[in-house]
Each structure stands twice: as C-alpha cells, then as structure tokens.
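Asks: here are the coordinates; sequence isn't available:
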Ligand SMILES: [Zn+2]
Ligand SMILES: [Zn+2]
C-alpha cells in the first residue's frame, strides 16, 4: 500500500549519525508518550506509537538501517520491490522489552499491562442430600470437598524449592505479547508462561509444576434450619484458589431434601392426614397426632366432617432466615368401618332407626336429584 512515509530519523527526532543509546532513549520517550495504555481511544497517538516502533525497528537493526540509509524506504522493500516494509512483521513486545525493563513501563499507577492479572478462583458446587428432619431443623455437617490448594512444597510457585525462576523467553517477562494488526495493537496473554512472565528452571516434583494439589478438603458447615428442596447455600472463599493473588472462588452447596412418609411440606407449613372413626367424628375426641418432634394432643370437635383441616400453630418448619415457624395442618380422614362385628352391626342398626335420613333441606334436595336421575 503506497503511503507517504515520514523519514525514520525525523520520526524519532534524531540525527542521521545517532548512536545506539540515543536512539533507544528517544524511542523510549515516544513509546511512553504515545503508548495506547496512556492514550485510550486516541487513534492519532496509536498511529504515532506505531510509527515510532517501526522507525526504531529499522534503525536499531544494523542491516536494515544500512539499507534505509542507502536507499530510503525503497531499500526496505522485498526482493521484488513491491511488498514494502510491513510493520506487522515486527514483534512490538520485543521492541518494547529492548528499551524497558520488566514492569518499568506497566508496573506503576495500576496500568493495565503485562503483570499477571489477579483472578478470582472458580466457584465449586457440592450436592448434599438431607433427610426431611435435617432440612427442617438444620444440621452440622462435615463435607469432603474435592478442590485444589496451593502446593505446600513449592508454595504455589511450581518450582522446586531451591530452583529459581527465570524470565520467560517468549514474552521477555512481560506476561503478554503485543501483536500488530494494521494500526491496532492487540495484547494476548503469553501462551508460554501463561501470563506470569516467569518460568521455572526445575518444576516442583510434588505438583509437577502446576503449583496446586488436588485435595479433599474437610469442611465443617452448619446447615441452617428450614432448608427446602433445591435451596443452595454459599460458603464464601471455599472454592478454587485464585491466581496471582486473586481471591478464592466460593463453594455452593445444593440441597436435595428426601420425602417424608407422613408429612408433606408447602412453604413452611406441614400437612398430614390423620384417620378417625365415625363415632370420634360424631362425638368428638382427643387424639394424638404426629409432629416432627413427636406425638401431640389434638382435640377433635364434636361433629367433625371428613376432610376437615385442623391447624396446630408453630409445628411446621422454621423459616430459613430465623424468625417464625410454619404450622402443621392436620387433614381429618373419617373412616367408615368395613367389617362389623355382630355387636357393632346391631348398634349401627339402632342408629339407623333413629338417625334422620336427610337432616337438612340442602341434602334433601340432593337426594331428590339423585332419585330424578334414576327415574
Ligand atoms: Zn509444587
Ligand atoms: Zn511469557
């Protein structure tokens, strides 16, 4: 692409006979001034930054500089003469690291840059099954959570204790590489060192250089009262460890609550079905009904109908967040006897003789309707 290029010496504000040191310091000054990190969304600065890098890339290379001195920009074209000098072939990260020490440019003032980024560890999921009672009243449990922990032998460095770290040769300690695409420079985490900027000379024999060990961590957790099926509990900082000083992830416990043979739970209320016989229903009675905490006395009023619901306050499930408790709803199931002894039969016959067939107008109407239907 034929564009009018500025003279490289002019770009770097140096004389033709400039020495290596002066060239370097001049480029360093411009790179700092126009670095994209310091000029976000400034296309002109970006261009100046690229231009300086290109100029320095040529003039710092003895062979290219000689060709440029003799023939100008044309001297840098390919053999065919048409390709031109392509700045995207230059390793900008390499150029920058020639003039800046590690951390020199990016380290201060919280600049985004080559320092390995502190990252929060991953969250973990642990599935825990509870009995109905455990969910209702809470429980102290000890979990064994498979997770990673920093290796004790190398303290997470991944290196043998007496082995030193060396600067990553791929990124020169920067932890990331700068790729040029047209006028944009794109940063990528260095694939060789994973962004750390350093690699170990001798990997830790316990963790094989991972820096982490897979452990089953024992963890004591108090499951609060009132947990329902599908609830989850967050245990802060018990997930995977963070990297580069980042915080740990969290642990989430997902609860499955087993069904109860007697009780059904709706919100914080419990429901159960209690059978009584016809005479208890008619005369009233005092019976014992089950609760989660054992038998409870309940008065059945005289004349109780089948399906009547009787409420026992405060015998449901506690609210998870502490205050209050649901109720126990007793569904009365009036059972008609199916096998009668001779005495029972005689008594029912007597009852039949004295009980009215239809004791209110509404039921009379109902019986008439049934008769009409069969006629
Ligand atoms: Zn280790
Ligand atoms: Zn690297």
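Replies: Good, I have the coordinates. Predicted model, so just to flag it, every value in this text is computed and none were measured. Numbers count the residues shown, from 1 in each chain. Ligands and ions are numbered 1, 2, ... in the order given.

Asks: please count neighbours and contacts with C-alpha atoms only from this point.
Replies: Fine.

Asks: so where's this structure shaky on pLDDT?
Replies: Low-confidence segments of the chain, defined by pLDDT under 70: 1-3, 77-116, 181-183, 358-367, 375.

Asks: now the helices for it?
Replies: 8-11, 20-34, 43-59, 62-71, 92-99, 132-137, 278-283, 342-354, 361-374 (DSSP state H).

Asks: among those, which comes closest to ligand 2?
Replies: If you check each of the helices of the chain against ligand 2 by CA to the ion, helix 92-99 wins as the nearest, at 10.8 Å.

Asks: ok so, going back, out of the helices of the chain, which gets nearest to residue 217?
Replies: Closest to residue 217 of those, according to CA to CA: helix 132-137, at 22.7 Å.

Asks: what helices and strands are in contact with that closest one?
Replies: In this structure, helix 132-137 makes packing contacts with no helix or strand, judged by 3 or more CA pairs under 8 Å, 6 or more residues apart in numbering; DSSP states H and E.

Asks: chain center to that helix: distance?
Replies: Distance of helix 132-137 from the chain centroid (CA atoms, centre = their mean, to the nearest Å) equals 27 Å.

Asks: ligand 2 contacts on the stretch 151-300 of the chain?
Replies: Taking CA under 5 Å from the ion as the criterion, the stretch 151-300 of the chain approaches ligand 2 at residues 168, 170, 171, 175, 190, 192, 193, 197.

Asks: would JSON lines of the helices of the chain with distance to ligand 1 and mean neighbour count be doable?
Replies: Formatted as JSON lines, the helices of the chain follow (distance: least, CA to the ion, whole Å; neighbours: other CA atoms under 10 Å):
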{"stretch": "helix 8-11", "distance to ligand 1": "49", "mean neighbour count": "18"}
{"stretch": "helix 20-34", "distance to ligand 1": "38", "mean neighbour count": "17"}
{"stretch": "helix 43-59", "distance to ligand 1": "40", "mean neighbour count": "21"}
{"stretch": "helix 62-71", "distance to ligand 1": "45", "mean neighbour count": "14"}
{"stretch": "helix 92-99", "distance to ligand 1": "30", "mean neighbour count": "18"}
{"stretch": "helix 132-137", "distance to ligand 1": "40", "mean neighbour count": "21"}
{"stretch": "helix 278-283", "distance to ligand 1": "74", "mean neighbour count": "17"}
{"stretch": "helix 342-354", "distance to ligand 1": "83", "mean neighbour count": "11"}
{"stretch": "helix 361-374", "distance to ligand 1": "84", "mean neighbour count": "10"}
